[in-house]
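coords please:
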Amino acid sequence: MGFLDVTIVNVAFPDIERDFAEASRADLSWVLNAYNIVFAALLVPAGRLADLVGRRRMFLVGVTSFLTASLLCGTASSPEALVAARVLQAAAGAILVPT
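Alright, predicted model coming up:
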């Protein structure tokens, strides 16, 4: 799920541009960039945390958080809300991948 979400937004980007027509392409690029930056930054620490507290526990936290963040992405009413939800989604994805 974590890696799929990195690429799937590239496919959905034209629809995102249509839904948020008032936002510039530069602003909307943060929908992609925020995910990649946060995901990369948290991947190693999340793996270490999973080693400390348990992979199963962190996997369940990651799945639950990822699904919640995905729901927030789907219901975002502004570009800022979408970027914030993508940051949460990236953090959850970083928890999922090493577990």
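
list the contacts for residue 40?
For residue 40, no residue meets the contact criterion (Cβ atoms under 8 Å, 6 or more residues apart in numbering). Every residue, glycine included, has its C-beta placed from N, CA and C.

may I see the buried residues of the strand or helix carrying it?
In this structure, residue 40 sits in helix 25-53 according to DSSP states H and E. Neighbour counts using 16 or more other Cβ atoms under 10 Å place 28, 30-32, 34-35, 38-39, 42-43, 46-47, 49-50 of helix 25-53 among the buried residues.

cool, and stretch 89-99?
Buried, per 16+ other Cβ under 10 Å, within stretch 89-99: 89-99.

same list (those residues) but as JSON lines, adding distance to residue 62.
Listed next are the buried residues of stretch 89-99 as JSON lines, based on distance: Cβ to Cβ, whole Å:
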{"residue": "89", "distance to residue 62": "11"}
{"residue": "90", "distance to residue 62": "11"}
{"residue": "91", "distance to residue 62": "9"}
{"residue": "92", "distance to residue 62": "5"}
{"residue": "93", "distance to residue 62": "7"}
{"residue": "94", "distance to residue 62": "8"}
{"residue": "95", "distance to residue 62": "3"}
{"residue": "96", "distance to residue 62": "4"}
{"residue": "97", "distance to residue 62": "8"}
{"residue": "98", "distance to residue 62": "9"}
{"residue": "99", "distance to residue 62": "6"}
